[in-house]
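Student: Based on what follows, work out the 3D shape:
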Amino acid sequence: MVELPKLLSPNQLLKLLKAEKNTHKALALFYSASRHPSHAHSPAVFHHLFRRLIDPSLVSHVGRLVELIRTHKCKCPEDVALSVIKAYAKNSMPDQAHGVFRRMDEIFGCKPEVRSYNSLLNAFVESNQWDKAEEFFASSFGSRGVSPNLQSYNVLIKVSCKKLQFEKAKRLLDWMWSEGLKPDVFSYGTLINALAKSGELWNALEVFDEMPERGVTPDVTCYNVLIHGFLRKGDLVKAKEIYERLSEASEVYPNTVTYNVMINGLCKCGKFDESFEMWNRMKKNERECDLFTYSSLIHGLCEAKNVDAAERVHREMVQSGVLPDVVTYNSMLNGFCLAGRIREGFELWEAMGRSGCRNVVSYNILLKWLFENRKVDEAVSVWEDFLKKGRIPDSTTYGVVVHGLCTNGYLNKALFILKEAESKGADLDTFAYSSMINGLCKEGKLDEASIVVDQMGKHGHKLNSHVCNSMINGFIRASKLETGIRFFREMTNKGCSPTVVSYNTLINGLCKAERFTDAYLFVKEMLEKGWESDMITYSLLIDGLCQGKKIDMALNMWQQVLDKGLKPDVRMHNIVIHGLCSAGKVEEALQLCFRMKQLNCIPNLVTHNTLMDGFFKARDCNKASHIWARILKCGLQPDIISYNITLKGLCSCDRLADAIRFLDDALNHGILPTVITWNILVRAVINNGVKKRSFWD
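Tutor: Residues are numbered from 1 along each chain as shown. The predicted structure is shown next:
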């Protein structure tokens with residue numbers, strides 16, 4: 001504590017208080033001085049203290065000081081009362097502010113003037129008591145001979161904007177002009193900001209354009225609000241247009257916020273070259289780059305996997321004296337991970353540890369990358385280090401760890417972590433549960449998956465379509481169709497509506513079991529419930545019908561697809577062509593191939609391979625050869641399947657020599673034979689030898 005002099009004047013005390021930067025110590029000093037024999041209370045000292053008491057932990061002292069003023073009859077000017085009202089306003093205590101306002105004459109010995117009225121009006125607004133603000137404006141102004149001024153009406157505009165009454169705010173602006181009050185940049189800026197935040201950008205732009213017409217010069221904040229609004233909406237063209245208007249304005253210039261908003265917006269739109277250009281323009285115009293500037297650039301570049309450029313920005317950032325925060329480090333770490341730069345990623349990770357800049361997001365990024373790259377041991381080590389340091393995993397962390405372990409086959413470990421998290425009441429979300437359930441279903445552990453589904457509900461998580469679809473798919477893969485159908489029926493009762501994927505999964509299972517009537521019924525139900533069957537639905541049905549040798553039904557379904565105006569893709573064409581070829585209808589398959597172009601669908605190598613195989617099986621080697629020629633003419637590269645089909649077909653037609661030439665052709669094109677290739681040729685040679693022996697015998 002500072003030792004007080006024997007004679008302590010108000011000016012000396014004020015100097016001591018200003019020199020003490022710690023407000024708690026300053027208050028202690030003041031209270032000590034209050035007990036000093038020579039102390040006399042001063043308005044200047046009270047004014048200084050009230051201006052420092054805006055922190056919630058200190059606001060209790062406001063009332064004590066006000067009581068000192070009242071009991072010691074220390075007459076103060078309006079500025080002191082204003083500082084009290086503002087301190088209460090900052091702490092959302094409008095009733096206390098109103099009480100001081102009503103007793104200003106009694107406490108401070110001064111009457112409230114328009115500034116006090118405006119401060120109290122604003123106190124109601126800041127506390128979201130908008131109706132009280134309007135009521136106070138209507139009832140109090142004029143009652144004591146105090147008339148509202150421009151600032152009063154600006155607060156009233158703010159009230160209308162807070163209540164989303166934008167037309168009322170516009171009418172108020174027009175009325176102010178008619179009364180000669182001349183709205184200023186704050187009047188317009190309040191309305192523009194509110195409109196932009198509410199998404200009414202074109203209305204905000206209309207108000208903005210009115211300003212110069214009325215002789216009001218927009219400030220840089222008005223421009224920034226509009227630029228940010230249009231960028232957030234994804235309208236880069238309009239944002240750039242407003243930025244250019246700002247650049248060409250003679251009375252106002254882009255500031256650091258302007259450049260930050262533009263750089264951040266351009267990065268989010270993937271315009272990294274333009275963001276660099278904006279950055280260079282910012283430096284050229286001597287605007288100070290801050291942490292947000294650098295972080296925006298680094299984040300955008302890392303998302304685009306341009307980590308080299310991000311590193312250059314990071315180096316300049318450090319050289320300019322701006323220290324990276326954990327958000328910047330996380331962006332760089334994510335960039336290294338996305339680019340697969342392992343060494344740099346771990347070097348940065350160590351640097352983050354040394355500078356104390358690791359948070360839960362940092363661990364989430366590294367864990368996700370390690371699991372995705374099948375580095376399970378390293379991921380588990382990082383996870384254990386995370387827990388040893390006493391950090392608390394969030395829902396994302398658990399989701400990443402459980403999902404990573406499941407996709408890498410460590411189901412027991414994932415299940416242990418999930419159960420441990422449940423027992424601790426940890427923050428778990430649906431993703432962790434759905435990953436666990438999906439992993440168990442894929443391994444056929446349906447009983448365990450069902451237990452996790454029940455646990456999920458007990459811990460307050462609703463089933464979603466991903467979980468239900470995993471369960472249905474698991475039952476079908478385990479040949480438990482009826483159980484899958486029963487689970488499907490129970491989905492709605494459990495608050496989860498079936499999706500197209502749910503129906504498609506069941507339809508696929510039913511088709512594979514050749515239960516086509518049931519599959520049709522599910523398609524019908526799907527349509528009745530408003531789900532539009534997609535190309536996958538039809539592909540599954542047609543494929544199932546083709547595999548079940550029900551080609552006429554498949555063709556009927558194909559016609560339905562065309563009648564609906566749907567455009568089958570190459571995969572669906574290939575399914576039908578394969579079905580026709582399998583049924584010996586190769587000519588029909590060929591005609592369908594010719595009609596593909598009418599549907600803007602280009603036959604691919606699979607299409608040609610299927611047709612070629614069909615003609616060979618029909619022992620039509622000439623047409624099969626024509627298909628080979630079409631493959632080459634279309635610029636397609638035959639693969640080993642193409643060669644195997646041709647070798648098998650030629651051998652079946654006793655053209656072994658031609659088959660050997662095709663084998664040489666495959667080798668010349670760098671296509672290596674497979675076991676199937678050699679089996680075809682060996683069998684052909686053996687059969688050829690048997691035939692020759694039979695002839696001579």
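
Student: where do the helices sit along the stretch 301-450 of the chain?
Tutor: Defined through DSSP state H, counting those that start in this stretch, the helices belonging to the stretch 301-450 of the chain, from first to last, are 307-319, 326-338, 342-354, 360-372, 376-388, 395-407, 411-424, 430-442, 446-458.

Student: Which strands or helices does the third one pack on?
Tutor: What that stands for is helix 342-354. On a contact count with 3 or more C-beta pairs under 8 Å, 6 or more residues apart in numbering; DSSP states H and E, helix 342-354 meets helix 326-338, helix 360-372. For the C-beta atoms, the positions are set from N, CA and C on the backbone; glycine is no exception.

Student: What are the buried residues along that helix?
Tutor: With burial defined by 16 or more other C-beta atoms under 10 Å, the residues of helix 342-354 counted as buried are E344, G345, L348, W349, M352.

Student: Quick check: the residue nearest to P112 when sequence neighbours are not counted vs V59, distance?
Tutor: By the measure of C-beta to C-beta, 6 or more residues apart in numbering, the closest residue to P112 outside its immediate chain neighbours is M104, 5.1 Å from it. Computed with C-beta to C-beta, to the nearest Å, the distance linking M104 and V59 is 19 Å.

Student: so where does the residue nearest to R214 when sequence neighbours are not counted fall, helix or strand?
Tutor: The shortest distance from R214 to any residue other than its chain neighbours is 6.9 Å, reached at W177 (C-beta to C-beta, 6+ apart). Of the helices and strands defined by DSSP states H and E, W177 is found in helix 166-178.

Student: Give the other helices and strands that the next helix or strand after that helix contacts.
Tutor: For helix 166-178, the succeeding helix or strand toward the C-terminus, using DSSP H and E, is helix 185-197. Using 3+ C-beta pairs under 8 Å, 6+ apart, the elements in contact with helix 185-197 are helix 150-162, helix 166-178, helix 201-213, helix 220-233.

Student: Quickly find the element holding I627.
Tutor: Assignment of secondary structure by DSSP H and E places I627 within helix 621-633.

Student: circling back to that earlier point, compare M104 and V59 and say which is more crowded by neighbours.
Tutor: Regarding M104 and V59, a neighbour count based on other C-beta atoms under 10 Å identifies M104 as having more, with 21 against 17.

Student: Please report how far the residue nearest to R214 lies from F137.
Tutor: In this structure, W177 and F137 are 19 Å apart, going by C-beta to C-beta.

Student: Before we move on, what's the pLDDT of the nearest residue to K111 once chain neighbours are set aside?
Tutor: Counting by C-beta to C-beta, 6+ apart, D105 is the residue found nearest to K111 once chain neighbours are left out, at 5.7 Å. In this prediction, D105 carries a pLDDT score of 90.

Student: Please apply the same query to A309.
Tutor: Reported pLDDT at A309 in the predicted model: 84.

Student: that older thread, and of the helices and strands packed on helix 342-354, who's closest to K238?
Tutor: Nearest to K238 among the helices and strands packed on helix 342-354 is helix 326-338 (27.6 Å), distances taken as C-beta to C-beta.

Student: so what secondary structure elements neighbour that closest one?
Tutor: Where contact means 3+ C-beta pairs under 8 Å, 6+ apart, helix 326-338 is packed against helix 291-303, helix 307-319, helix 342-354, helix 360-372.

Student: Just the pLDDT at the nearest residue to G340 once chain neighbours are set aside, thanks.
Tutor: Nearest residue to G340 in three dimensions, chain neighbours excluded: N373, at 7.8 Å (C-beta to C-beta, 6+ apart). Predicted confidence (pLDDT) at N373: the value is 90.

Student: Could you measure from N373 over to G335?
Tutor: Distance check for N373 against G335: by C-beta to C-beta, it reads 15 Å.

Student: before we move on, the earlier item: look up how far E241 lies from the residue nearest to P112.
Tutor: 50 Å.

Student: hmm, back to that, ok, which of the helices and strands packed on helix 185-197 comes nearest I641?
Tutor: Nearest of the helices and strands packed on helix 185-197 to I641, taken as C-beta to C-beta: helix 220-233 at 49.8 Å.

Student: who's in contact with that closest one?
Tutor: Applying C-beta atoms under 8 Å, 6 or more residues apart in numbering, the set of residues contacting helix 220-233 from outside is 185, 188-189, 192-193, 196-197, 199, 201, 204-205, 208, 211, 236, 238-239, 242-243, 245-246, 252-255, 257-258, 261-262, 264-265, 268-269.

Student: again with stretch 317-325
Tutor: Contacts of stretch 317-325 with the rest of the structure, by C-beta under 8 Å, 6+ apart, involve C289, D290, L291, Y294, S295, I298, H314, T328, M332, C357.

Student: And that stretch, how far out from the chain middle?
Tutor: Mean-position distance between stretch 317-325 and its chain equals 27 Å (C-alpha atoms, centre = their mean, to the nearest Å).

Student: Send me it as PDB with only the CA atoms.
Tutor: The C-alpha coordinates for stretch 317-325 follow below in PDB (Å, rounded to 0.1, in the frame of the first residue of the first chain):
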ATOM      1  CA  MET A 317       4.000 -13.300 -39.400                       C
ATOM      2  CA  VAL A 318       6.700 -14.300 -36.900                       C
ATOM      3  CA  GLN A 319       9.200 -11.900 -38.400                       C
ATOM      4  CA  SER A 320       6.700  -9.000 -38.100                       C
ATOM      5  CA  GLY A 321       6.300  -9.800 -34.400                       C
ATOM      6  CA  VAL A 322       2.800 -11.200 -34.500                       C
ATOM      7  CA  LEU A 323       2.800 -14.400 -32.400                       C
ATOM      8  CA  PRO A 324       0.700 -17.300 -33.700                       C
ATOM      9  CA  ASP A 325      -2.100 -18.400 -31.400                       C
END
